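K.L.:
what's the 3D shape of this:
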Amino acid sequence: MTRNHPTTRALGIALGTWTVDPARSKVGFVVRHLWGLATVRGSFDRFAGRLLVERDGANGRLAIDAGSLDTGNAKRDGHLRSEDFFQVENHPEIVFAAESVASGEGGITISGQLRIGESIQRLDLPVEVEQRGVGLHIRATTSVTRESSGLSWNRLGMIRGDADLTLDLELTREVA
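P.N.:
Residues are numbered from 1 along each chain as shown. Model prediction:
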């Protein structure tokens with residue numbers, strides 16, 4: 001894994017292995033539907049992740065159970081799990097593999113690869129990081145091009161724009 005950040009001290013994150021606490025975290029998405037007239041909001045209810053922070057950089061992985069998506073509409077959720085979208089039977093996980101964490105004028109960016117099904121795309125994720133006592137809070141919002149993610153089904157052009165992803169993660173540091 002790439003470690004291209006000279007020091008993690010500037011990030012304000014304590015060294016060590018951090019694990020996502022799914023009970024206190026949320027992974028959500030928003031997509032415009034019905035030619036942009038309606039908004040579909042949803043979440044993924046099962047996920048796991050780790051962040052390894054070392055002196056010379058950081059890397060990590062967030063794995064999302066694609067079958068755990070929930071929009072509040074069972075019929076729509078079934079369609080989203082089907083071959084038209086996430087192909088959950090063949091691709092049960094959505095994975096973000098963080099390769100580097102960097103601090104710059106615009107804040108902190110976690111860079112890595114997002115894999116949805118067979119599609120892999122580079123993602124530079126601007127994040128807000130706050131160390132809270134013994135915990136770490138990471139919040140990020142970004143847009144993902146659906147077509148680049150292999151989610152190109154769009155009957156009659158009903159789905160508009162990109163998908164907006166929101167990560168609101170609480171992590172705890174593992175004790176050695």
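K.L.:
Quick one: residues contacting the residue nearest to residue 43 when sequence neighbours are not counted.
P.N.:
Leaving out its chain neighbours, the residue that sits closest to residue 43 by C-beta to C-beta, 6 or more residues apart in numbering is residue 28, at 4.5 Å. C-beta here means a position set from N, CA and C on the backbone, and glycine is covered the same way. Contacts for residue 28 were tallied using C-beta atoms under 8 Å, 6 or more residues apart in numbering; they are 41, 42, 43, 44, 165, 166, 168.
K.L.:
Select from those the one having the most neighbours.
P.N.:
Within the contacts of residue 28, most neighbours by other C-beta atoms under 10 Å means residue 165, with 21 neighbours.
K.L.:
Report the separation between it and residue 50.
P.N.:
Distance of residue 165 to residue 50, computed by C-beta to C-beta, to the nearest Å: 19 Å.
K.L.:
Then residue 12?
P.N.:
Going from residue 12 to residue 50 by C-beta to C-beta gives 19 Å.
K.L.:
Same check on residue 25?
P.N.:
For residue 25, the distance to residue 50 equals 13 Å [C-beta to C-beta].
K.L.:
Which one's more surrounded, residue 12 and residue 50?
P.N.:
More crowded of residue 12 and residue 50, by other C-beta under 10 Å: residue 50, with 16 against 12.
K.L.:
where in this structure is pLDDT low?
P.N.:
1-11, 33-37, 145-161, 176 (pLDDT under 70).
K.L.:
which residue ranges form the helices in it?
P.N.:
Counting by DSSP state H, the chain has helices at residues 74-81.
K.L.:
Strands of that one, residue ranges please.
P.N.:
16-20, 26-33, 38-44, 47-54, 57-65, 69-70, 93-104, 107-116, 119-132, 135-144, 160-173 (DSSP state E).
K.L.:
how far is stretch 14-26 from where the chain is centred?
P.N.:
Averaged C-alpha coordinates place stretch 14-26 at 14 Å from its chain's average position (C-alpha atoms, centre = their mean, to the nearest Å).
K.L.:
again with stretch 91-106
P.N.:
When distances are taken as C-alpha atoms, centre = their mean, stretch 91-106 is centred 8 Å away from the chain's centroid.
K.L.:
likewise stretch 58-72?
P.N.:
Worked out by C-alpha atoms, centre = their mean, stretch 58-72 lies 7 Å from the chain centre.
K.L.:
Going by neighbour count, which residues in that stretch are buried?
P.N.:
58-69, 71 (16 or more other C-beta atoms under 10 Å).
K.L.:
Turn these into a markdown table, including distance to residue 105.
P.N.:
As requested, the buried residues of stretch 58-72 are exported to a markdown table (distance: C-beta to C-beta, whole Å):
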| residue | distance to residue 105 |
| --- | --- |
| 58 | 19 |
| 59 | 23 |
| 60 | 23 |
| 61 | 27 |
| 62 | 26 |
| 63 | 31 |
| 64 | 30 |
| 65 | 36 |
| 66 | 35 |
| 67 | 40 |
| 68 | 37 |
| 69 | 36 |
| 71 | 37 |
